[in-house]
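Asker: take this sequence and fold it.
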Amino acid sequence: MSNMTVVGAGSWGTTLAYLLSHKGIEISLWVYEKDLSGEMEKTRVNKIYLPDVSLPENIQITHQIEKALNKAQYILNAVPAQYTGSVFKECLPYISNEAIIISAAKGIERGTLKTISSVLKELTGCRVAVLSGPSFAKEVVKNLPAAVTLATEDRNTGLILQDIFTINNFRVYTHDDVLGVEIGGALKNVMAIASGISDGLGLGLNARASLITRGLAEMTRLGVAMGAKERTFSGLSGLGDLVLTCTGSLSRNYTLGLKLGQGMKLKDILEQTTSVIEGVATAESAHELSKKYGIEMPIVEQVYKILYEEKGPARAVNDLMRRSLKTEFY
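Answerer: Numbers count the residues shown, from 1 in each chain. Coordinates of the predicted model:
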């Protein structure tokens with residue numbers, strides 16, 4: 001391969017650049033923040049998002065998008081979901097028609113309700129793959145075992161990318177359900193907020209297990225209604241990522257929910273956070289999608305009301321538990 005450009009130098013983008021550099025690949029890492037980019041060029045450290053890692057010399061760090069994308073054959077999107085469209089509009093003049101884009105963003109675009117691969121494909125006309133699954137950056141960068149899935153529309157592209165991204169203890173499986181992988185990766189963040197709220201309220205392990213299970217049912221119902229495959233949600237990008245983000249203290253979405261359950265206000269939590277918490281925007285998009293497709297999503301609905309209508313978490317739990325009784329599978 002010729003080269004790889006990573007667009008976005010948050011914790012996940014920086015981690016993936018670091019991993020790929022160990023395969024001898026020439027990496028260009030585009031950093032949005034000009035000051036951070038300059039500092040990273042000098043120190044080889046991303047002090048905001050990955051302060052304990054020294055970046056190898058074969059990672060070219062730059063704030064200039066034209067320089068980053070020069071002749072890029074593979075482009076990895078690590079920009080937060082709600083900013084992907086605006087960033088790639090700036091990238092557009094410098095993207096080759098032959099480039100392959102791999103999206104690692106997890107979310108659904110506000111307003112348009114489009115998945116991020118759809119946004120990228122419509123903007124660029126390029127082939128777009130999706131990388132998703134249970135993978136906290138802080139563990140992956142330490143070479144701790146992790147398995148993820150990489151979804152593509154054509155098998156050959158999937159096999160090429162699988163070989164590129166499989167690195168040491170980072171194991172990559174191929175998949176053909178791009179939509180399902182994205183829906184799972186996006187909605188699990190909303191469920192993680194709910195899980196954090198449950199723990200913040202001190203509702204116990206039974207409640208958390210029930211919430212994860214019913215959350216998976218909601219994700220699957222919506223995904224299937226949108227055209228995804230049901231089995232996708234039992235895989236790494238569905239159940240795997242859901243369990244991780246609903247139980248792991250490294251999850252930003254779970255942590256936000258935990259603080260909400262403990263009585264903090266959303267505005268105050270967001271003001272104290274440097275990283276983007278994708279589940280906040282996705283809760284709004286998921287709520288709108290549930291209405292659009294006529295899908296019952298009670299957990300999503302209550303999270304939406306807590307985030308956007310200032311509903312009390314305890315009252316939201318009470319309303320969930322006192323819904324009309326039904327069969328488990330319907």
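
Asker: CA atoms for contacts and neighbours, from now on please.
Answerer: Noted.

Asker: can I take it that Asp241 is in a strand?
Answerer: No: going by DSSP: H, G, I helix; E, B strand; the rest coil, the assignment for Asp241 is helix, not a strand.

Asker: what sits closest to it if chain neighbours are left out?
Answerer: Using Cα to Cα, 6 or more residues apart in numbering and skipping residues adjacent in sequence, the residue nearest Asp241 is Pro134, 4.1 Å away.

Asker: neighbours of the one you found, just the number please.
Answerer: Using other Cα atoms under 10 Å, Pro134 has 20 neighbouring residues.

Asker: what distance do you get for it to Glu109?
Answerer: Counting by Cα to Cα, to the nearest Å, the gap between Pro134 and Glu109 amounts to 21 Å.

Asker: again, but for Tyr32
Answerer: Here Tyr32 is placed at a distance of 20 Å from Glu109 (Cα to Cα).

Asker: again, but for Lys259
Answerer: Using Cα to Cα, one obtains 25 Å as the distance from Lys259 to Glu109.

Asker: report pLDDT for Thr274.
Answerer: Model confidence at Thr274, expressed as pLDDT, equals 87.

Asker: so where is this structure shaky, pLDDT-wise?
Answerer: 1-2 (pLDDT under 70).

Asker: what about the most centrally placed residue in it, which SS state?
Answerer: Centre of the chain computed as the mean C-alpha position; nearest residue by Cα atoms, centre = their mean is Lys106, 2.6 Å away. Using three-state DSSP, the secondary structure recorded for Lys106 is coil.

Asker: try Arg221
Answerer: Under three-state DSSP, the three-state class of Arg221 is helix.

Asker: returning to what we had before: please say which of Tyr32 and Glu109 ends up with more neighbours.
Answerer: Between Tyr32 and Glu109, counted using other Cα under 10 Å, the more crowded position is Glu109 (22 against 18).

Asker: thinking again about what came up before, in this structure the residue nearest to Asp241 contacts Ser237, no?
Answerer: Yes: using Cα atoms under 8 Å, Pro134 makes contact with Ser237 at a distance of 7.0 Å.

Asker: helix or strand right after the helix or strand hosting Leu161?
Answerer: In this structure, Leu161 sits in helix 155-165 according to DSSP states H and E. Beyond helix 155-165 in the direction of the C-terminus, DSSP H and E gives the next helix or strand as strand 170-175.

Asker: that following strand to helix 155-165, inter-axis angle?
Answerer: On the basis of axes from the mean of the first three to the mean of the last three Cα atoms, to 10 degrees, strand 170-175 is oriented at 170 degrees to helix 155-165.
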